[in-house]
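Undergrad: Next come a sequence and a model predicted from it.
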Amino acid sequence: MITREELRQLADFECRLPGELAVTFYFHPPRPKDKSHREEAIQAKELVRKKLQELDAAARNRELVADLEHILRLAEGLHGNQARAKAVFACRGRKLWREFDLPPGLWDTTLSVNRRFHLKPLAPIFSQHPRLWVVVLDRHHARFLDIDFDRVVEVGALSNPAPRHGRSDGYAGYDGGHAQRHSDDEVRRHFHAVAEFLKNASGRRQFEALVIGCHDVNWPEVEKQLHPDMQKKILGRFSGEFAAFTNERAASEAARVLRDSIDEHHRSLLSETLDQARSNGRGVTGLRRVLRATEQGEVETIIMAQEFSARAVECMNCRHVDAHLVPYCPVCGRATRELDDVCEALVPITVRNNIGLVLVARDEVLDRVGNIAALLRFRADQNKNLRAVS
Ligand SMILES: [Zn+2]
């Protein structure tokens, strides 16, 4: 797995010397019933071979060829590693080789060679994999699972066994109502203990998001005991019998809830951004305006179509990025260099500045505004306080 700090280091990386090149390799394991992993490994090897053929004599230096051959050997050995996706970042000239095993589903198998690493498929990973806890519970038991990417660890369990009926045989018939009330109190105390366990763990920042697995009939009582801050962290719920929830099953139910919740979040984020852009509020659309807002520090989240790509230029001196292919920087006047894809410069900027990056499937409305938009934290040209005073 990768950490935020490791992603940030990759975003900071840039080749400086002529001949230095950064190689990025993403391997996607075969989807079930789709391709055999053998075919996928062959596809990966073909990519490397093709890249070697594409490179002209000048770019085909010894160090790059060595990195690509290293990746080729890696691809050949990927047969047994079918469940995990893999990302490799290499630059032999700078003695850099980083290899990460990641959950599948993030990207296709691709290979790119450039001055910077190709981070677009990887940059949204932390927003799509929040530190997630799953609680499965019934009226007497609870289990707490910590889900970090595809790793599942049980971090706690509570048990409050049912009171032994018949303990006071002589009173059972006479005092049945009392026993029922007693039992309800016990259950309430159990749900309260679950709520306290969650509140304490949240206080220690052990999770960011929560999924609950419990029988539908118990949910209203459980919910009553949860602190409002916990309720806000709940992404969703799944229903079932406690005894049936193995950790693996709970984790896979939670993954489904998480995916639905992210899809819904992205849909509402896109629609809010487009609404805000239409009303000249906290939203902009189109590459030119997104780049300007990013440079002005206004952007909270950039939303782009997965396939979005556009040529642009980047100033080698002040790092200004411009959608117009101008030979000299409009900010400082120095020479610019052309980027085949603006994402090469833009994605590392989002990582370094903690700007959210959301990649969405093809969307007709987003397509009409250039396939890129941004939700802003504020707009520098609209100082509402000043306007209120005047
Ligand atoms: Zn400049």
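TA: Here it is on my side, so go on.
Undergrad: mind listing what's buried in stretch 45-59?
TA: Neighbour-count burial for stretch 45-59 flags K45, L47, V48, K51, L55 (criterion: 16 or more other C-beta atoms under 10 Å). Glycine gets a C-beta too; all of them are placed from N, C-alpha and C.
Undergrad: can you tell me which of the residues you listed lies nearest to the ion?
TA: Nearest to the ion out of the buried residues of stretch 45-59 is L55 (C-beta to the ion; 29.6 Å).
Undergrad: quick one: pLDDT of V48?
TA: V48 is assigned 85 on the pLDDT scale.
Undergrad: That one contacts H70, doesn't it?
TA: No: using C-beta atoms under 8 Å, V48 is not in contact with H70; the gap is 9.6 Å.
Undergrad: which neighbours do the two share?
TA: Listed contacts common to V48 and H70 are nil; contacts here mean C-beta atoms under 8 Å, 6 or more residues apart in numbering.
Undergrad: Return the list of helices and strands in contact with the helix or strand hosting Q53.
TA: Per DSSP states H and E: Q53 is located in helix 37-54. Applying 3 or more C-beta pairs under 8 Å, 6 or more residues apart in numbering; DSSP states H and E, one finds that helix 37-54 contacts strand 22-27, helix 62-76, strand 110-114.
Undergrad: quick one: which of the ones you listed has the weakest pLDDT on average?
TA: helix 62-76 (a mean of 88).
Undergrad: give me the low-pLDDT residue ranges for this protein?
TA: Within the chain, the ranges that satisfy pLDDT under 70 run 31-38, 40, 56-59, 79-83, 162-179, 383-390.
Undergrad: buried set for the helix or strand harbouring Q9?
TA: Here Q9, judged by DSSP H and E, is contained in helix 4-12. By 16+ other C-beta under 10 Å, the buried positions in helix 4-12 come out as L7, L10, A11.
Undergrad: do stretch 242-251 as well
TA: Under the neighbour-count criterion of 16+ other C-beta under 10 Å, stretch 242-251 has F242, F245, A250, A251 buried.
Undergrad: re earlier: angle of the helix holding Q53 against strand 22-27?
TA: Computed with axes from the mean of the first three to the mean of the last three C-alpha atoms, to 10 degrees, the direction of helix 37-54 lies at 160 degrees from that of strand 22-27.
Undergrad: Need the buried residues of stretch 45-59 in JSON lines (columns: distance to the ion).
TA: Listed next are the buried residues of stretch 45-59 as JSON lines, based on distance: C-beta to the ion, whole Å:
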{"residue": "K45", "distance to the ion": "41"}
{"residue": "L47", "distance to the ion": "35"}
{"residue": "V48", "distance to the ion": "36"}
{"residue": "K51", "distance to the ion": "32"}
{"residue": "L55", "distance to the ion": "30"}
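Undergrad: What is the nearest of these to S183?
TA: L47 (63.1 Å; C-beta to C-beta).
Undergrad: The ion contacts on this structure?
TA: Counting by C-beta under 5 Å from the ion, the residues of the chain close to the ion are C315, N317, C318, H320, C329, V331, C332.
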